[in-house]
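Chemist: Here's my sequence, what's the structure:
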Amino acid sequence: MQFFFVVALGRSGTEMISTLLQLDQRACVHHEPHEYDAKIVGLRRARLFDQALDGLLESRFDELISGMDGRYEIYGEVNSYLRYETDWLTRRFSAPLVRIYRDGREFVRSSYSRPVYTAQDGNLPILPCNDDPAARRWSSMTRFEKLCWYWNHTNSYLADHVPAGGKMERALTEYDYFHERILEPLGLEVPEESWSNLVSRPRNTSSRYNREQLIRRLFSRTRRAASPGSIPHWSKWNDEMTRQFWSICGDTMTRLGYT
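Modeler: Below you'll find the predicted structure:
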């Protein structure tokens, strides 16, 4: 049995990427299959109970492997909650890892309508450690700034730990990019026709307008009816919001190829 893992920050297209990878008939692919993974990510980031978490993950995958019936050659997870487990996964499986990332401006706008960094969030929040400059001013930061920090921290971390990966926006709209950045590093095979039918993108069309329309359509399917608030599209942010975003996220945005 071969293994692979795709990691990302939430709200970065992981569910759709998982669905695309399931098109490889040799692979059993799951999207965030264990509910308690959502608790692990916060504890690991807080550097709490590391030994206990190692044991929990070991038991989780031992149970998984023992229950496999041999129908598949490959097992993979697309799991945002395993994003701080890259070293553990590499030691345990020697498996290929790929990271998915999304334009930070779209992430912040999308996440603002979710409960992240609100009293309604049921998960342990991801907070800056003491050696992070943001720790000193965290209590005075706005929720917008905290979401900017969240995107920047996670994607900077993953860029340092997982060399292979690509932009969600292009992986869902350009087959050659998807093949080169996602399929090849994972050793998977998904025909272009199958990929195209799933993302419902007209062939030979790659305009920015169609890309943005596709991404909005995909994410609108998971939008919650009740939300803590909303902010406009980043093209309509005021000068202060734009300044705050680029002050916090600018280096990582440039590193990932966003302008």
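
Chemist: Show me what secondary structure element comes after the strand or helix carrying S18.
Modeler: If you go by DSSP states H and E, S18 is part of helix 14-21. Counting by DSSP H and E, the next helix or strand C-terminal to helix 14-21 is strand 27-31.

Chemist: how about that next one: buried residues?
Modeler: The neighbour-count check on strand 27-31 (16 or more other CB atoms under 10 Å) flags 27-29, 31 as buried. Placement of C-beta: from N, CA and C, glycine included.

Chemist: just checking, what packs against that strand?
Modeler: helix 14-21, strand 74-78 (3 or more CB pairs under 8 Å, 6 or more residues apart in numbering; DSSP states H and E).

Chemist: helices and strands of the chain: which one has the lowest mean pLDDT?
Modeler: Within the chain, no helix or strand scores below helix 208-220, which has a mean of 56 by mean pLDDT, DSSP states H and E.

Chemist: Quick check: buried residues in stretch 185-198?
Modeler: 185-188, 190, 195.

Chemist: Which of those fall within helices?
Modeler: Among the buried residues of stretch 185-198, the residues falling in helices (DSSP state H) are 185-186, 195.

Chemist: quick revisit: tabulate the buried residues of strand 27-31 (a markdown table), appending distance to T90 and pLDDT.
Modeler: Shown next, in a markdown table, are the buried residues of strand 27-31 (distance: CB to CB, whole Å; pLDDT from 0 to 100):
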| residue | distance to T90 | pLDDT |
| --- | --- | --- |
| A27 | 19 | 96 |
| C28 | 20 | 95 |
| V29 | 19 | 96 |
| H31 | 21 | 96 |
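
Chemist: possible to save those residues as a markdown table with distance to T173?
Modeler: Shown next, in a markdown table, are these (distance: CB to CB, whole Å):
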| residue | distance to T173 |
| --- | --- |
| A27 | 22 |
| C28 | 26 |
| V29 | 21 |
| H31 | 20 |
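
Chemist: Which pair in the residues you listed has the greatest spatial separation?
Modeler: A27 and H31 (12.8 Å; CB to CB).

Chemist: what's in contact with the lengthiest helix in the chain?
Modeler: Using DSSP H, we find that the single longest helix of the chain is helix 143-161. Helix 143-161 is contacted by residues 7-9, 83-84, 86-87, 99, 101, 104, 107-108, 111-112, 116-118, 126, 128, 132, 134, 138, 141, 165, 231, 241, 244-245, 248-249, 251-252, 255-256 when judged by CB atoms under 8 Å, 6 or more residues apart in numbering.
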